[in-house]
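whatever this is, show me its structure:
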Amino acid sequence: MKNNNIYAAGPDGRFRENRLIMADDADINYKWKLQSILAWMQELGDRHSRVLGYGFETLREQNICWVVLRYHIKISSYPRLYETVSTTTWPEPSRLGIYPRMFLFEDESGATKIHASSLWSLIDLDERSKTDLANQGLPAYPAQKIQNFDDLSPLAKIIVPEGETEIIKYSPVYSDFDMNGHVNNTNYLQWFDDLFSLEEHGKHEVRDLLMQYNLEVRPDVELELKLIRNKEKLYFAVDSEAGNHFKMLAIISSCPSC
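Residues are numbered from 1 along each chain as shown. Sure, this is the predicted structure:
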């Protein structure tokens, strides 16, 4: 059981919760896995959304759900097994049906471990098309400006680096799909991590992730996982006959703590 101490959203508009890194969160090097980091960001955002009046159950009654569009994540240092991390999230004002959400993860001394910016939309589960909170009779999205990160831009263009393209055919399996009937967006990071050997994971670690989600992956779709390596830059994409589903640019560095 994860030892999480929950705090209600404060007057500053931020929602805070402590997170203990457990064994199933950690990789072979005792570090918090990318997929698990992203999953916790989304769990934290959902818990805050419940406080604000549009959590999962409330949205499902309206037959809508949150869908992530983009992330920009920077990792100063990886939380490690049995470390307690202070995790904070807050929304920034929405515009044209796009809902920004920020994340800040700090150690017990207050030093930043991870910070991230994300963009979200709402989709109608029948039409698979974008909708808006204002059209659903739900509470208004917070309009208070709290804090953006100057060094993060989820709208930054992903530039494909030069290099040989490695292509792996992949058909999503049962464990890839979530309750919304599509591949869970955290699974792309699992697929990415699995393209590298244990030795490579022991020598290098991801420091910067720019991710863009374009098309959901529904069942019975054959995918191509594409990887391009160019020194400290790694480009990863998920394509099918329908087009590009996901693409990502990762910046890596040597791993001092592995």
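
mind listing what Phe177 touches?
Going by CB atoms under 8 Å, 6 or more residues apart in numbering, Phe177 touches Val183, Asn184, Pro219. Where C-beta positions appear, they are placed from N, C-alpha and C, glycine not excepted.

again, but for His201
By CB under 8 Å, 6+ apart, the residues touching His201 are Asp27, Ile28, Asn29, Asp193, Cys255, Cys258.

apply 7 Å and report the result again.
Asp27, Ile28, Asn29 (CB atoms under 7 Å, 6 or more residues apart in numbering).

weed out the non-buried ones from those residues.
Buried subset of these (neighbour count, 16 or more other CB atoms under 10 Å): Asp27, Asn29.

tabulate the contacts of His201 in JSON lines, adding columns for distance to Met211.
Formatted as JSON lines, the contacts of His201 follow (distance: CB to CB, whole Å):
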{"residue": "Asp27", "distance to Met211": "19"}
{"residue": "Ile28", "distance to Met211": "23"}
{"residue": "Asn29", "distance to Met211": "22"}
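
skipping adjacent residues, who's closest to Ile168 in space?
Closest residue to Ile168 apart from its sequence neighbours, by CB to CB, 6 or more residues apart in numbering: Leu225 at 4.4 Å.

count of neighbours near the one you found?
Using other CB atoms under 10 Å, Leu225 has 19 neighbouring residues.

from Val238, how far out is it?
Per CB to CB, to the nearest Å, Leu225 is found 6 Å from Val238.

in the chain, which spans are strands?
Using DSSP state E, the strands assigned to the chain run over residues 15-20, 64-75, 84-91, 99-106, 112-124, 129-131, 165-170, 204-213, 223-230, 233-240, 243-254.

His48: which of these is closest?
His48 lies closest to strand 15-20 among those, at 3.8 Å (CB to CB).

centre of the chain to that closest one, how far?
17 Å (CA atoms, centre = their mean, to the nearest Å).

and stretch 224-234, which residues are buried?
Within stretch 224-234, the residues that count as buried by 16+ other CB under 10 Å are Leu225, Lys226, Leu227, Ile228, Arg229, Lys233, Leu234.

need the max-distance pair from those.
Maximum pairwise distance in these, criterion CB to CB, is 17.1 Å, between Leu225 and Lys233.

check Ser118 and give its pLDDT.
We have a pLDDT of 98 for Ser118.

distance of it from Gln212?
11 Å.

likewise Tyr54?
Taking CB to CB as the measure, Tyr54 falls 24 Å from Gln212.

now Glu43
22 Å.

ditto for Ser77
Separation of Ser77 from Gln212 (CB to CB) stands at 25 Å.

next: Ile37.
18 Å.

which one of these two is surrounded by more residues?
Per other CB under 10 Å, whichever of Ile37 and Gln212 has more neighbours is Ile37, with 28 against 22.

for burial, what's the neighbour tally of Ser129?
Residues within reach of Ser129, counting by other CB under 10 Å, total 10.

what about the nearest residue to it once chain neighbours are set aside, how many neighbours?
Closest residue in space to Ser129, ignoring its immediate chain neighbours: Ile123 at 6.4 Å, by CB to CB, 6+ apart. A count of nearby residues for Ile123, using other CB under 10 Å, gives 17.
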